[in-house]
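Colleague: Fold the following.
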Amino acid sequence: MSLIPWLRWNEAPPRLSSRRPADTVLETLMMELAGQMREAERQQWERGNAGSKICTGVDYSWLASAPRPTYDLSPGERLQLEDVCAKIHPSYCGPAILRFRQLLAEQEPKVQEVSQLFRSVLQEVLERMKQEEEAHKLTRQWSLRPRGNLALATFKTRARITPFTSDIRTISEDVERDMPPPLRTWSMPEFRAPKED
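Modeller: Presented below is the predicted three-dimensional model:
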């Protein structure tokens, strides 16, 4: 008999992450922003070095140490971005990151412009979320609407209402009564008022 199952009694059962999905989205998006800012700074530094290498004709890059990050977000801007990131639904986190990377690859912005680009992507995502939520709300309203021929029932009641009837007989009424009903167009439905006997 093995004692291994008995020795596992004090281990904690495996748990899911105790963090909220909104916290995970916030952390993921802010890490993406920080990483892309470092990458933009590195590319900007390399572009600057390439320009100086062309001017002097000598490569001193082996002598230079790795650049330290020189640009950081202000605390106010960081809080604003975190506030916007907290509004993003987890299902939109991946598409937001993909769109952000796509814009960075297309525009190759400076380090100072990366946060503005990130903010614009987040605003796009929030607008898309709002539009899809409104569309979902309309769909839900239509699906919860009582089904039935409500329009047909109101038409039937309207067909019976004859506000212009009177007891005075006219010549045109006698002529219309003796004529056959006019031929209808086949593309249109035929509606007839109930005949009074």
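Colleague: Longest helix in the chain, by number of residues?
Modeller: helix 21-56 (DSSP state H).
Colleague: after that helix, next one along is what?
Modeller: On the C-terminal side of helix 21-56, the nearest following helix or strand under DSSP states H and E is helix 75-86.
Colleague: what helices or strands is the longest helix of the chain leaning on?
Modeller: Helices and strands touching helix 21-56, by 3 or more CB pairs under 8 Å, 6 or more residues apart in numbering; DSSP states H and E, are helix 75-86, helix 93-107, helix 111-144. Quick note: C-beta positions are derived from backbone N, CA and C, even for glycine.
Colleague: can I get those helices in CSV with mean pLDDT, distance to R42 and mean neighbour count?
Modeller: Listed next are the helices and strands packed on helix 21-56 as CSV, based on pLDDT from 0 to 100; distance: least, CB to CB, whole Å; neighbours: other CB atoms under 10 Å:
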stretch, mean pLDDT, distance to R42, mean neighbour count
helix 75-86, 92, 21, 14
helix 93-107, 93, 13, 15
helix 111-144, 91, 9, 14
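Colleague: Is it possible to get TSV of these that adds distance to G35?
Modeller: Converted to TSV, the helices and strands packed on helix 21-56 look like this (distance: least, CB to CB, whole Å):
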stretch	distance to G35
helix 75-86	14
helix 93-107	10
helix 111-144	10
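Colleague: circling back: tell me the mean pLDDT for the longest helix of the chain?
Modeller: Model confidence over helix 21-56, given as mean pLDDT, is 84.
Colleague: Now do the buried residues in it.
Modeller: Across helix 21-56, burial judged by 16 or more other CB atoms under 10 Å covers 25-26, 28-30, 32-33, 36-37, 40-41, 44.
Colleague: which one of these sits closest to Q102?
Modeller: Q36 (11.7 Å; CB to CB).
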